[in-house]
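Asks: here's a sequence, model it:
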Amino acid sequence: EANGNRVDFIVSHCCASSTQVLLGGGLYRRDYLNEYFETIRQKVKFTKWFFFFYHDNKNVNAQEILLYEQIIRIV
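Replies: Predicted coordinates for the structure are as follows:
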């Protein structure tokens, strides 16, 4: 909040619940962490969100990137 809810990057193990739906189409069960990240996703303006839990390499959309074995340069 001190930064106007704006960040360049978010890095987390898991993702927001709405992103989880895009990945699994209902396959994955929501939990408190996904719901917490959903709150962050709605409140925070971010450039990229990197997460790793789902063991795949995929651009979910222009902002959210699932990484597993892939190494990328972010700076």
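
Asks: before we move on, what SS does W49 have?
Replies: strand (DSSP: H, G, I helix; E, B strand; the rest coil).

Asks: tell me who's in contact with it.
Replies: Contact partners of W49, counting by Cβ atoms under 8 Å, 6 or more residues apart in numbering, are F9, I10, V11, S12, C15, A16, T19, R41, Q63, E64, I65. Just so you know, the C-beta spots here come from the backbone N, C-alpha and C atoms, and that holds for glycine as well.

Asks: correct me, but F9 touches F46?
Replies: Yes: the pair F9 / F46 is scored as a contact, 6.8 Å apart, by Cβ atoms under 8 Å.

Asks: tell me which of those two has more neighbours.
Replies: More crowded of F9 and F46, by other Cβ atoms under 10 Å: F46, with 15 against 11.

Asks: contacting residues around R41?
Replies: By Cβ under 8 Å, 6+ apart, the neighbours of R41 are A16, S18, T19, W49.

Asks: same thing but 10 Å
Replies: I10, C15, A16, S17, S18, T19, N34, W49, Q63, E64 (Cβ atoms under 10 Å, 6 or more residues apart in numbering).

Asks: now tabulate these in a markdown table and tack on secondary structure.
Replies: Listed next are the contacts of R41 as a markdown table, based on three-state DSSP:
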| residue | secondary structure |
| --- | --- |
| I10 | strand |
| C15 | coil |
| A16 | coil |
| S17 | helix |
| S18 | helix |
| T19 | helix |
| N34 | helix |
| W49 | strand |
| Q63 | coil |
| E64 | strand |
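
Asks: now, of these, which are buried?
Replies: By neighbour count, with 16 or more other Cβ atoms under 10 Å, the contacts of R41 hold I10, C15, A16, S17, T19, N34, W49, E64 as buried.

Asks: could the residues you listed go into JSON lines alongside pLDDT and distance to Q70?
Replies: Listed next are the buried ones among the contacts of R41 as JSON lines, based on pLDDT from 0 to 100; distance: Cβ to Cβ, whole Å:
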{"residue": "I10", "pLDDT": "97", "distance to Q70": "18"}
{"residue": "C15", "pLDDT": "95", "distance to Q70": "16"}
{"residue": "A16", "pLDDT": "95", "distance to Q70": "20"}
{"residue": "S17", "pLDDT": "93", "distance to Q70": "24"}
{"residue": "T19", "pLDDT": "93", "distance to Q70": "17"}
{"residue": "N34", "pLDDT": "94", "distance to Q70": "22"}
{"residue": "W49", "pLDDT": "97", "distance to Q70": "15"}
{"residue": "E64", "pLDDT": "97", "distance to Q70": "14"}
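
Asks: many thanks, I have nothing further to ask.
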